[in-house]
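Participant: prediction below, plus the sequence it came from.
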Amino acid sequence: MPRYTVNVRGEWLTVPCKDASKTIRWLGKEAVRRYIKNKPDNGMLDSVENVKFNLRRCKGFGLLDLDDAIENVLENDEFIEIVVENDMTSSNFIPSPYEGGHLYSKYTEPKEYIFVDGESLTTEDVFRLGKGLYKIKLTTEAESKVKQSRCLIESIIQEQKVVYGINTGFGKFARTVIPDNKLKELQENLVRSHAAGVGEPLSPERTRMLFALRINVLAKGYSGISLETLQQAINAFNASCLPYVPEKGTVGASGDLAPLSHLALGLIGEGKMWSPKSGWADAKYVLQAHGLKPVSLKPKEGLALINGTQLITSLGCEAIERANAIAKQADIVAALTLEVLKGTVKAFDADIHAARPHPGQKEVAFRFRSLLDSHHHPSEIAESHKFCDKVQDAYTLRCCPQVHGVVNDTIAFVKNIIVTEVNSATDNPMVLSERGETISGGNFHGEYPAKALDYLAIGVHELASISERRIERLCNPSLSELPAFLVTEGGLNSGFMIAHCTAASLVSENKVLCHPSSVDSLSTSAATEDHVSMGGWAARKALKVIEHVEYVIAIELLAACQGMEFLRPLQTTAPLEKVYELVRSVVRPWIKDRFMAPDIETIYQLLRDQKIWEVAEPYIEKYRKEHSPASRSTSSLASSVDCISLSNFNITDQNNSP
């Protein structure tokens with residue numbers, strides 16, 4: 001018999017329907033009738049016949065026609081919300097946000113699996129898991145380690161040993177022994193009491209990342225969780241049943257207790273949960289709709305689910321991936337700006353950067369050469385000022401390899417720390433099954449990822465800081481030889497005047513956000529946890545800084561492409577023309593003033609999707625192949641070039657600039 005899960009003023013009701021040919025109106029009335037019946041005061045509603053309401057799907061918020069037959073518009077076990085006219089839903093109900101509609105329409109259940117063993121996840125893996133591209137399976141080795149650690153916990157319970165987290169209280173209550181008949185309640189109370197976060201819930205993508213990382217840590221076999229409980233968690237992840245996890249509330253030691261407790265709360269069937277099928281609903285109903293049962297916590301399992309740095313680290317994975325993407329594309333955008341401003345490429349000579357061989361600096365200089373080498377990619381713009389008397393450019397152009405370069409090296413440094421953290425056991429106590437011991441330690445402390453992500457924010461910010469100065473040069477006619485604010489009929493039109501202000505405001509915000517959170521600590525848990533990392537804020541700040549950088553680079557790209565309009569019909573190099581063409585495929589030139597915000601958002605999304613990199617990368621890699629030492633050597637041998645002519649080649653290569 002079909003049934004439907006209906007929300008009335010924050011209360012969830014299951015309404016069976018023997019006859020699916022009945023109307024949506026009947027379903028609404030039946031749900032309201034049940035709601036009124038369950039309330040001592042009738043829910044402050046009159047009789048069912050006097051209640052006016054609308055029905056809409058929780059999935060996507062689509063409004064339902066009251067006269068349609070149920071069988072024609074609803075699937076079995078679909079989630080529905082009743083909206084009573086002139087009535088607000090209960091504050092306990094978390095509606096599916098309108099702006100999140102794309103999450104439903106875009107979601108397709110993944111077919112591929114990532115095998116998890118607690119040892120080998122990368123930031124790329126975590127980011128893709130967050131996007132819902134994979135399901136999770138445990139490796140055979142991981143299953144064995146999980147079983148082995150659980151056996152130790154069971155033996156401790158049987159032998160009546162007193163061990164922290166298994167049969168004692170927590171934090172200041174570590175010396176309080178809990179009787180055996182209260183051990184399940186102990187773990188449930190731990191999860192409930194620690195689920196004390198506040199703020200907006202993590203997005204489905206970020207919740208998936210958090211969830212996947214916790215599974216990965218549990219798979220290492222240091223937590224003492226049972227294989228049954230871990231598999232239940234994996235089943236929930238694979239069904240995209242995602243608990244409500246507020247973004248604020250962790251101090252980053254003893255781990256990310258509040259957010260991970262909210263994650264665990266959903267698994268035990270309490271609190272709220274989201275899935276593509278249901279939207280937001282009570283966790284027990286969402287699990288039920290996917291054929292899943294709530295977890296029944298065994299001794300130590302509540303603590304096993306909530307102890308660790310996975311919020312900091314999961315957000316750190318996203319930060320790393322987005323930082324890497326925008327850093328690569330910032331080089332392309334800066335190269336286009338240099339071309340529009342008729343700059344020289346001499347400063348990117350390979351020998352200059354070989355003399356100061358920081359890896360990031362060398363790579364950025366190489367990318368500039370690969371995009372701007374007018375011998376390799378003929379540029380009419382470069383030819384137009386080939387014999388000008390300009391010797392050098394402003395720092396914002398000339399020093400891109402040095403400034404952008406250290407950002408690349410910072411990302412690589414931080415990524416190494418985050419990858420280590422992704423595959424680390426961060427529990428307490430640690431279950432060392434091979435030694436037959438549980439030992440209390442401090443692996444839950446978030447100082448490593450906190451410090452790293454503070455550093456990442458400081459490093460990546462420079463991409464926006466230098467980009468904003470390049471935008472100024474593009475918009476300022478005394479610096480660019482272009483029309484003021486990149487628009488004709490200045491005065492009547494303001495062009496990029498306020499777009500530059502937006503960039504400046506974001507850079508200024510970043511200066512405040514770059515203050516490191518990990519230099520702070522507040523003692524918690526009655527001075528038991530007397531030094532903390534504040535890593536959750538470090539991670540969220542890093543992501544906000546990166547978002548601002550993405551927007552500033554988007555504005556620079558728009559401005560650079562607009563600058564190109566005033567250099568036409570001259571063409572730039574082939575790769576930069578491709579970048580220009582991509583931008584113009586979604587944003588038309590700025591002939592007169594128009595609503596600018598949508599253009600910025602469109603280019604921002606191109607950068608988020610790495611479309612600018614996808615266009616330019618083939619040219620960069622082709623240039624790399626053709627200009628690698630091996631290819632130059634082969635070319636020299638093939639053409640019988642002697643040492644003197646090879647030297648001449650290098651001299652010519654150094655002067656490829658206008």
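Facilitator: Looks like it arrived, so ask away.
Participant: any weak-confidence spans in this structure?
Facilitator: 42-44, 86-106, 630-658 (pLDDT under 70).
Participant: ok, the most centrally placed residue in the chain - contacts?
Facilitator: Residue closest to the average C-alpha location in the chain (Cα atoms, centre = their mean): Glu318, at 3.8 Å. Contact analysis of Glu318 by Cβ atoms under 8 Å, 6 or more residues apart in numbering lists 126-127, 130, 205-206, 209, 543. To be clear about C-beta, it is placed using only N, CA and C from the backbone, and glycine gets the same treatment.
Participant: cool, and Glu78?
Facilitator: 4-5, 57, 59, 277.
Participant: okay but Trp274 is in contact with Val286, surely?
Facilitator: Yes: counting by Cβ atoms under 8 Å, Val286 is a contact partner of Trp274 at 7.3 Å.
Participant: mutual contacts of the two, please.
Facilitator: In contact with both Trp274 and Val286: Cys241, using Cβ under 8 Å, 6+ apart.
Participant: which pair of the contacts of Glu318 spans the longest distance?
Facilitator: Val126 and Leu543 (14.0 Å; Cβ to Cβ).
Participant: ok so, going back, any chance of the contacts of Glu78 in CSV, plus neighbour count?
Facilitator: Shown next, in CSV, are those (neighbours: other Cβ atoms under 10 Å):
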residue, neighbour count
Tyr4, 23
Thr5, 22
Arg57, 20
Lys59, 21
Lys277, 20
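Participant: so which of those residues belong to strands?
Facilitator: 4-5, 57 (DSSP state E).
Participant: reformat the residues you listed as a markdown table; add distance to Ile411.
Facilitator: As requested, the ones in strands among the contacts of Glu78 are exported to a markdown table (distance: Cβ to Cβ, whole Å):
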| residue | distance to Ile411 |
| --- | --- |
| Tyr4 | 49 |
| Thr5 | 45 |
| Arg57 | 42 |
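Participant: mind checking how far the helix or strand hosting the residue nearest to the centre of the chain is from the chain centre?
Facilitator: According to DSSP states H and E, Glu318 maps onto helix 310-340. The chain centroid and the centroid of helix 310-340 are separated by 12 Å under Cα atoms, centre = their mean, to the nearest Å.
Participant: residues contacting Lys8?
Facilitator: In this structure residue 8 is Val, not Lys. Val8 touches 31-32, 35, 43, 82, 84, counting by Cβ under 8 Å, 6+ apart.
Participant: among those, the buried ones, what's the ChimeraX command?
Facilitator: Of these, the buried ones go into a single ChimeraX selection, burial set by 16 or more other Cβ atoms under 10 Å:
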select :31,32,35,43,82,84
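Participant: can you point out the buried residues in stretch 563-582?
Facilitator: In stretch 563-582, counting by 16+ other Cβ under 10 Å, buried: 563-565, 567, 571-573, 575-580, 582.
Participant: just the contacts of Glu318 now: which is nearest Pro299?
Facilitator: Met209 (28.6 Å).
Participant: phi and psi next, for the closest one.
Facilitator: Backbone torsions of Met209, given as degrees, to the nearest 10, read phi -60, psi -50.
Participant: number of nearby residues for it?
Facilitator: When neighbours are defined as other Cβ atoms under 10 Å, Met209 has 28 of them.
Participant: the one 3 residues further on too?
Facilitator: The criterion is other Cβ under 10 Å. On that basis, Ala212 has 26 neighbouring residues.
Participant: pretty sure it contacts Leu129?
Facilitator: Yes: between Ala212 and Leu129 there is a contact at 4.3 Å, judged by Cβ under 8 Å.
Participant: overlap in contacts of those two?
Facilitator: Ile136.
Participant: before we move on, the earlier item: for the buried residues of stretch 563-582, which one is nearest Thr488?
Facilitator: Nearest to Thr488 among those, with distances taken as Cβ to Cβ, is Glu565, at 9.4 Å.
Participant: now do the SS call for the closest residue to the closest one other than its chain neighbours.
Facilitator: Spatial nearest neighbour of Glu565, excluding adjacent residues (Cβ to Cβ, 6 or more residues apart in numbering): Pro589 at 5.1 Å. Under DSSP: H, G, I helix; E, B strand; the rest coil, the three-state class of Pro589 is coil.
Participant: name all residues that make contact with Pro589.
Facilitator: 561-562, 565.
Participant: so which of those are in helices?
Facilitator: 561-562, 565 (DSSP state H).
Participant: how about the helices in the stretch 451-600 of the chain?
Facilitator: 477-480, 497-513, 535-565, 574-584, 597-608 (DSSP state H, counting those that start in this stretch).
Participant: now do the first one: which elements does it pack against?
Facilitator: Other helices and strands packing on helix 477-480, by 3 or more Cβ pairs under 8 Å, 6 or more residues apart in numbering; DSSP states H and E, are helix 447-475.
Participant: could you give the angle of the helix it packs on to helix 535-565?
Facilitator: 20 degrees (axes from the mean of the first three to the mean of the last three Cα atoms, to 10 degrees).
Participant: and helix 447-475, what does it pack against?
Facilitator: Going by 3+ Cβ pairs under 8 Å, 6+ apart, helix 447-475 lies up against helix 310-340, helix 395-398, helix 400-422, helix 477-480, helix 497-513, helix 535-565.
Participant: which residues touch the second one?
Facilitator: The contact list for helix 395-398 (Cβ under 8 Å, 6+ apart) reads 334, 337-338, 341, 343, 347, 392, 466, 469-470, 473.
Participant: cool, and stretch 149-156?
Facilitator: Residues contacting stretch 149-156 (Cβ under 8 Å, 6+ apart): 163, 166, 221-227, 299-300, 431, 433, 436, 438.
Participant: and that stretch, what's buried?
Facilitator: 149-150, 152-153, 156.
Participant: could you do stretch 397-417 as well?
Facilitator: 397-398, 400-408, 410-411, 414-415, 417.
Participant: next one: stretch 501-514
Facilitator: So stretch 501-514, judged by 16+ other Cβ under 10 Å, has buried residues 502-504, 506-507, 510, 513-514.
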